[in-house]
Structure formats: structure tokens, C-alpha cells
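>>> below are the sequence and a predicted model; questions follow.
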Amino acid sequence: VSHALGQGLIMLSLGQYGASAASLVMVWPALVAVLAAWAIFGEQPSPAQAFGGIAILAAVLMVRKG
């Protein structure tokens, strides 16, 4: 049920916001997980994770500016 609901919401967001915005929303949890692990458990992000987080933030900014 939860998978079907999630997939349904993804399809709705694709139709309403477009593929670029919907794809950014789908990668956002990875960044949040790394930041939460750092804040809660003191786990230091690896260089690859830091680079990926910066890339996600840069992509969000580029999409928001149009």
C-alpha cells in the first residue's frame, strides 16, 4: 500500500510540476539522510557524500531559477 501511494504521488507530481522538479524531490531524501546522520549521530559525511549533497543543492537552485 505504501509503495502504491508513493508511486501514485510521484505520477501526480510529474504531471503537475514536470520531470525536473519531480526528480529533485526524489533525490532530496538522500541529502536529508546524510545531514540527519551527521546531526544526530555525529557521522562525518564522506567526500563523495559531500559532493553529492552540493550537487543536489546546486540542481535545486538551478531548477528554481528556471
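Thanks, I have it.
>>> shaky segments in this structure?
By pLDDT under 70, the chain contains no weakly predicted segment.
>>> could you rerun that using 80?
Counting by pLDDT under 80, the chain shows low-confidence ranges at 1, 19-25, 28, 60, 63-64, 66.
>>> name the residue closest to the centre of the protein, please.
Trp28 (1.2 Å; Cα atoms, centre = their mean).
>>> quick check: that residue touching Gly53?
No - judged on Cβ atoms under 8 Å, Trp28 makes no contact with Gly53 at a distance of 10.5 Å. For the C-beta atoms, the positions are set from N, CA and C on the backbone; glycine is no exception.
>>> for Ala59, what are its contacts?
Neighbouring residues of Ala59 by Cβ atoms under 8 Å, 6 or more residues apart in numbering: Leu24.
>>> repeat the analysis, applying 10 Å as the threshold.
Residues in contact with Ala59, defined by Cβ atoms under 10 Å, 6 or more residues apart in numbering, are 20, 23-24, 27.
>>> mind checking which helix or strand Gln44 is in?
Counting by DSSP states H and E, there is no helix or strand that carries Gln44.
>>> now Gly6
With DSSP H and E as the criterion, the answer for Gly6 is helix 2-17.
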